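**Student:** Fold the stuff below for me.
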Amino acid sequence: MDTTDSSAQDTRPSYRLMPGNAASPVLLHVPHGSRVVPAYVRKGIVLDDVCLEGELDLITDAHTQDIAELAARDAAMTPWRFVNELSRLVVDPERFPDEREEMSAVGMGAVYTRTTHGEVLRPEPPADGPELLDTYFHTYAAAMTDAVEDRLAAAGRVVIVDVHSYPSRALPYELHGAGPRPHVCLGTDPFHTPDALLAQARAAFGGLGGIALDTPFAGTYVPLRHYGKDPRVSALMIELRRDIYLDEPVTPTPGLPEAATALAELVDMIGGAGD
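**Tutor:** This is a model prediction of the structure:
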């Protein structure tokens, strides 16, 4: 798979918003499924090509965009999808871009400077860090905020389902990797994750194996404009342990369509809530 864009500087948006049913409140968010690193961004990464491919194998939530696409196709009411089309090695749109981000302690703030194994990815501080934040991070955040506002205007509420995966064995960068690693981890927020949404997720994903909350990864994505303020915005992170749908690190197995079916069931449950 190609991991670089041949253009000197690709000015296309780093994300795609794929419309769903006009009345759907569901927004599937897929932030970490791409391996694409534009060529001019690649120049700031010190890894050689072989090591970069290996790092992409480890850090990418492989085929999560495919799971979201299949779920959207199979759901009774098509959800909206917001998909990051660049690797998180360009910027990680789910990090805080400042001192609030705990992952900065291991070189994995909004602009990564370290690999999953603590090796140097970029010089510290990265010379292109401010440009990457301006070009990709802030524009992505603004577009995601607009997508949430659009669903609020159309449906009166929005449920962000953050679609991720994680390796079956902990990697050195994980700050909380010593805890349980269930088949499905549900990341929650005390303000934005209501009990009813958790119950729906448990029902939808229960057939895939064990489920636990906020281990080994916690929290879920909500745009800062709404975070902790707007109860109309609900959110839940779905972390699929990769060995339930991949021959790790990247090869799909029959578990992939099963995961997509579970996600479609959750979408249908959410879409029917409040009817």
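**Student:** Now the phi/psi pair for residue 42, please.
**Tutor:** Note on residue 42: backbone dihedrals following degrees, to the nearest 10 are phi -60, psi -30.
**Student:** Can you tell me how far it is from residue 110?
**Tutor:** As judged by CB to CB, to the nearest Å, residue 42 and residue 110 stand 18 Å apart. All C-beta atoms are positioned from the backbone trio N, CA, C, and that covers glycine.
**Student:** who's more crowded, these two?
**Tutor:** Comparing residue 42 with residue 110 by other CB atoms under 10 Å, the one with more neighbours is residue 110, at 23 against 16.
**Student:** So for the residue positioned nearest the centre of the chain, what's the nearest residue that isn't a sequence neighbour?
**Tutor:** In the chain, the residue lying closest to the centroid (CA atoms, centre = their mean) is residue 31, at 3.4 Å. Spatial nearest neighbour of residue 31, chain neighbours left out: residue 84 (4.6 Å); criterion: CB to CB, 6 or more residues apart in numbering.
**Student:** Around the one you found, how many other residues sit close by?
**Tutor:** 27.
**Student:** just use 220 as the starting number from now, easier for me
**Tutor:** Sure thing, new numbering starts at 220, so read that last one as residue 303.
**Student:** you'd agree it is up against residue 232?
**Tutor:** No. Taking contacts as CB atoms under 8 Å, residue 303 lies outside contact range of residue 232: 10.2 Å.
**Student:** Can you list the low-confidence ranges for the protein?
**Tutor:** The chain contains residues with pLDDT under 70 at 220-231, 491-494.
**Student:** can you pull out the helices in it?
**Tutor:** Secondary structure of the chain by DSSP state H: the helices cover 258-261, 268-278, 283-293, 348-351, 357-374, 414-424, 474-491.
**Student:** can you redo the ones you listed as a markdown table with distance to residue 431?
**Tutor:** Output for the helices of the chain, formatted as a markdown table (distance: least, CB to CB, whole Å):
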| stretch | distance to residue 431 |
| --- | --- |
| helix 258-261 | 35 |
| helix 268-278 | 22 |
| helix 283-293 | 19 |
| helix 348-351 | 34 |
| helix 357-374 | 27 |
| helix 414-424 | 10 |
| helix 474-491 | 16 |
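**Student:** Looking at those helices, which is nearest to residue 318?
**Tutor:** Nearest to residue 318 among the helices of the chain is helix 348-351 (14.3 Å), distances taken as CB to CB.
**Student:** What residues sit buried inside that closest one?
**Tutor:** The neighbour-count check on helix 348-351 (16 or more other CB atoms under 10 Å) flags 348, 351 as buried.
**Student:** Give me the contacts around it.
**Tutor:** Residues outside helix 348-351 that contact it (CB atoms under 8 Å, 6 or more residues apart in numbering): 260, 309, 310, 330, 341, 345.
**Student:** hmm, which of those residues are the buried ones?
**Tutor:** Using 16+ other CB under 10 Å as the threshold, 260, 309, 310, 330, 341, 345 are the buried ones among the contacts of helix 348-351.
**Student:** Now that the third one has come up, it's in contact with residue 359, right?
**Tutor:** Yes. The pair residue 310 and residue 359 passes the contact test of CB under 8 Å, sitting 7.5 Å apart.
**Student:** mind listing the strands in the chain by residue range?
**Tutor:** 223-224, 234-237, 245-249, 256-257, 299-303, 377-385, 403-406, 430-432, 452-460, 465-466, 470-471 (DSSP state E).
**Student:** most neighbours per residue, which of these?
**Tutor:** Of the strands of the chain, the one with the most neighbours on average (mean count of other CB atoms under 10 Å) is strand 245-249, at a mean of 26.
**Student:** What helices and strands are in contact with that strand?
**Tutor:** Using 3 or more CB pairs under 8 Å, 6 or more residues apart in numbering; DSSP states H and E, the elements in contact with strand 245-249 are helix 283-293, strand 299-303, helix 357-374, strand 377-385, helix 474-491.
**Student:** Within the sheet, what are the partner strands of that strand, with directions?
**Tutor:** According to DSSP bridges, strand 245-249 forms sheet pairs with strand 299-303 (parallel), strand 377-385 (parallel).
**Student:** Can you tell me the number of residues neighbouring residue 354?
**Tutor:** Neighbours of residue 354 using other CB under 10 Å come to 19.
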